[in-house]
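>>> Predicted structure and sequence below. I'll ask about it afterward.
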Amino acid sequence: MEKPKPIIANAPCVISSKSKSKSKQYLDCVFRYFDENGDGKISPGELRDCMRVSGGEELSLEAAEAVVQSADSDGDGLLGFDDFVNLIDAQEEEERVRSLKEAFEAYEAKKGGGCITAKSLRRALRQRLGEARSVEECREMIRRYDENGDGVISFEEFRKMMMMV
């Protein structure tokens, strides 16, 4: 089953772009949009209907049920507001991880992948940013974030490094 596009992107709430990112007001607006019958819960059917009406991805009832089940904290088969917020947070975290993986791959070693080496960092800095660095300078950069001392940056070390920035 293919995952639906982020739910929050589909609701037509008009709030300034500054406050859009996860503000309670915006999330409440999106939640009320999806809660068609106003009962304070989002059913799989409501989720599916709103995704279709708002120009989002076509979502089967089974897929909508799976999405609701994955976030339903009280087992009633419906999303309360807190469940909805947790679902949105999980989707945003997935998107952040996906973006970090793409960035990591840009610096990752071609041979023996799964890590950033001094040579792969040097190559990527030169090709992508036009920065000429020596292998030793790249080793020094890696040492700052190499938590386990193996001389390379793993994805987890890269993720922690990027969260600091």
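In hand now; what should we look at?

>>> going forward, measure contacts between C-alpha atoms and count neighbours the same way
Will do.

>>> Point out where the protein drops to low pLDDT.
Within the chain, the ranges that satisfy pLDDT under 70 run 1-22, 54-56, 111-112, 165.

>>> cutoff 90 now
Across the chain, residues meeting the criterion (pLDDT under 90) sit at 1-27, 30, 49-60, 88-95, 103, 106-114, 128-129, 160-165.

>>> Next SSE downstream of the longest helix seen in it?
In the chain, ranked by residue count with DSSP state H as the criterion, the top helix is helix 81-107. On the C-terminal side of helix 81-107, the nearest following helix or strand under DSSP states H and E is strand 115-116.

>>> just checking, what packs against that next one?
strand 153-154 (3 or more CA pairs under 8 Å, 6 or more residues apart in numbering; DSSP states H and E).

>>> Show me the contact partners of the strand it packs on.
Contacts made with strand 153-154 from outside it, assessed by CA atoms under 8 Å, 6 or more residues apart in numbering, are listed as 114, 115, 116, 117, 142, 145, 146.

>>> Just checking: what are the partner strands of it?
Here strand 153-154 is paired, per DSSP bridges, with strand 115-116 (antiparallel).

>>> Just the helices from the chain, written as ranges.
Under DSSP H, the chain gives helices at 17-20, 24-34, 44-53, 61-71, 81-107, 118-129, 135-145, 155-164.

>>> List the buried residues in the fourth one.
Of the residues in helix 61-71, those buried under the neighbour-count criterion (16 or more other CA atoms under 10 Å) are 63, 64, 65, 67, 68, 69, 71.

>>> Spit out the contact partners of the fifth one.
Yep, that's residue 68 we're talking about. Under the contact definition (CA under 8 Å, 6+ apart), the residues listed for residue 68 are 43, 44, 77, 78, 79.

>>> which one among those gets closest to residue 126?
The shortest distance between residue 126 and any of the contacts of residue 68, using CA to CA, involves residue 79 and amounts to 48.4 Å.

>>> and the closest one, how many residues sit next to it?
Taking other CA atoms under 10 Å as the criterion, the count of residues near residue 79 is 28.

>>> before we move on, the earlier item: and which of the contacts of residue 68 is nearest to residue 107?
Closest approach between those and residue 107, by CA to CA: residue 79, at 39.9 Å.

>>> domain parsing for this structure?
Annotated domains of the chain cover 7-97, 108-164 [automatic domain parsing].

>>> related to what we said a few turns ago, tabulate the contacts of residue 68 in a markdown table, adding columns for distance to residue 91.
Compiled in a markdown table, the contacts of residue 68 are given as follows (distance: CA to CA, whole Å):
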| residue | distance to residue 91 |
| --- | --- |
| 43 | 18 |
| 44 | 17 |
| 77 | 19 |
| 78 | 18 |
| 79 | 15 |
